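Undergrad: no sequence for this one, just the structure:
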């Protein structure tokens, strides 16, 4: 607000304007109400107590911020910042402002095709007309940042560098949507990051990546990505992504890069949602880091047309189990032949819902190398839905026994090659077998 009233206004007894509700807060008076309001706005009086700021609501701030005309400490109490209007600048937050955002918790960057970087830590700071370089540690002072959202910024190719992400020790949520050129979320830049081969994000709780047509990976050039608090991963409409951490797959005989390899340490992930990932072929491979994914409860995979399997049959046993998995949904994956090997299927003791729609599955459990006939126990499974699976012939090819003691909802539809029921002793395998009484 620049002006209190456009017309004539007399306030003979008014002698101060106070911006906040706080008792004894700073007040101001300049001749009349309109002059006072204009002075406060021009000189940013009272904004030092602001906790929430949406830049498009204060267009005059835009020029002051990028011309380094912001008083020191002005944004010290700021907790939420929405950057949705910019000058023709290559960075969302100038370095002169970054050092003042000590208490910022939420940052949203929206709708700019000119941006080349979110955090400006490389540009020299102008102090009294002189160029001064500062280290990232000095410039980037976002120790309390918990949430970062970047939407509709079509000039960005990455979000973080290793040194920036390592400085965001309280970061809990990363959300990046509708950015046409982003190739990776964390990128090693021109600077010398050879000494940084491990990235540790201690408080990160969720990652959401959506509609990023150029995204090929989350990061590369590191030996470890550890997120001990991460619970949710959502990747949707990213047709070029194949792997989370890029790794040399030449040593693999099939050269298929899994989405998650041994370089990621995600011990608390509970939910993974993968939608419309055209190049994804494999989600997990032979080995994982420590107890990664041991708490996984829900997996949903849809419209991944090149997906071959969830887990290959040659996976090393005991390194990957889904003992806490409760819900598995696979839909519109027309290259997949099986879901997982026997070693995984026999450990799904917490599985409650299994839903398979519109896929080229030939079997649910791949045979692999087993000795005696396996026994599949599903003591918690209440819902089994098989719909439009034209190539599905059996649950498991070979002799086996299965128990479905809690099954309440069963749908088998458009599965022409699958024999759902058989009497005990019949040679043709079926989904369910009954003893004749």
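TA: Good, I have the coordinates. The structure displayed is predicted, hence computed values, not measured ones.
Undergrad: can you list contacts of the host helix or strand of residue 150?
TA: Using DSSP states H and E, residue 150 sits in strand 147-151. Identification of contacts with strand 147-151 by C-beta atoms under 8 Å, 6 or more residues apart in numbering yields 105-111, 118, 156, 159, 168, 171-179. For the C-beta atoms, the positions are set from N, CA and C on the backbone; glycine is no exception.
Undergrad: what do you get for stretch 166-174?
TA: 136-137, 140, 142-149, 159-160, 165, 185, 196, 199-208, 229.
Undergrad: for the strand holding residue 150, which strands pair with it and how are they oriented?
TA: strand 106-110 (parallel), strand 173-177 (parallel) (DSSP bridges).
Undergrad: and the contacts of strand 147-151, which are buried?
TA: 105-110, 118, 156, 159, 168, 171-179 (16 or more other C-beta atoms under 10 Å).
Undergrad: reformat the strands paired with strand 147-151 as JSON lines; add mean pLDDT and distance to residue 325.
TA: Shown next, in JSON lines, are those (pLDDT from 0 to 100; distance: least, C-beta to C-beta, whole Å):
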{"stretch": "strand 106-110", "mean pLDDT": "93", "distance to residue 325": "33"}
{"stretch": "strand 173-177", "mean pLDDT": "98", "distance to residue 325": "24"}
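Undergrad: tally of neighbours for residue 372?
TA: Residues lying near residue 372 (other C-beta atoms under 10 Å) number 7.
Undergrad: can you tell me the SS state at it?
TA: Secondary structure, DSSP: H, G, I helix; E, B strand; the rest coil: residue 372 is coil.
Undergrad: please tell me how far it sits from residue 338.
TA: Counting by C-beta to C-beta, to the nearest Å, the separation of residue 372 from residue 338 is 20 Å.
Undergrad: for residue 56, same thing?
TA: 51 Å.
Undergrad: for the stretch 151-300 of the chain, give me the ranges with low pLDDT.
TA: Within the stretch 151-300 of the chain, the ranges that satisfy pLDDT under 70 run 189-195, 247-255, 286-287.
Undergrad: can you give me the helices in it?
TA: Applying DSSP state H, counting those that start in this stretch to the stretch 151-300 of the chain gives helices spanning 162-167.
Undergrad: could I get the full set of strands for it?
TA: Along the stretch 151-300 of the chain, counting by DSSP state E, counting those that start in this stretch, strands occupy 173-177, 184-186, 198-200, 206-210, 217-219, 224-226, 232-236, 264-265, 271-275, 298-302.
Undergrad: which elements pack onto the last one?
TA: For strand 298-302, the helices and strands in contact under the criterion 3 or more C-beta pairs under 8 Å, 6 or more residues apart in numbering; DSSP states H and E are strand 271-275, strand 327-333.
Undergrad: tell me which of those lies nearest to residue 238.
TA: Of all the helices and strands packed on strand 298-302, strand 271-275 sits nearest to residue 238, with 9.0 Å by C-beta to C-beta.
Undergrad: got the contact list for the closest one?
TA: By C-beta under 8 Å, 6+ apart, strand 271-275 touches 231-237, 259, 280, 283, 296-304.
Undergrad: relative to it, what are the paired strands and their orientations?
TA: strand 232-236 (parallel), strand 298-302 (parallel).
Undergrad: what residues of that strand count as buried?
TA: Counting neighbours by 16+ other C-beta under 10 Å, strand 271-275 gives 272-275 as buried.
Undergrad: for the residues you listed, which one is nearest residue 329?
TA: Residue 329 lies nearest to residue 273 out of the buried residues of strand 271-275, by C-beta to C-beta, at 9.2 Å.
Undergrad: ok, the closest one to residue 331 distance?
TA: Residue 273 is 12 Å from residue 331, by C-beta to C-beta.
Undergrad: next: residue 150.
TA: Applying C-beta to C-beta to residue 150 and residue 331 gives a distance of 29 Å.
Undergrad: looking at these two, which is more packed in?
TA: Legend: neighbour count by other C-beta under 10 Å for residue 150 and residue 331, higher for residue 150 (24 against 17).
Undergrad: from residue 419, how far off is the more buried one?
TA: Using C-beta to C-beta, one obtains 51 Å as the distance from residue 150 to residue 419.
Undergrad: tell me the pLDDT of the nearest residue to residue 347 once chain neighbours are set aside.
TA: Closest residue to residue 347 apart from its sequence neighbours, by C-beta to C-beta, 6 or more residues apart in numbering: residue 321 at 4.7 Å. If you check residue 321, the pLDDT there is 76.
Undergrad: which SS state does residue 321 fall under?
TA: Following three-state DSSP, the label given to residue 321 is coil.
Undergrad: same check on the one 4 residues further on?
TA: Here residue 325 takes the coil state, with states given by three-state DSSP.
Undergrad: who touches it in this structure?
TA: Neighbours of residue 325 in contact, by C-beta under 8 Å, 6+ apart: 296-299, 348, 350-351.
Undergrad: could you check the pLDDT of it?
TA: pLDDT, residue 325: 95.
Undergrad: same deal with residue 418?
TA: 85.
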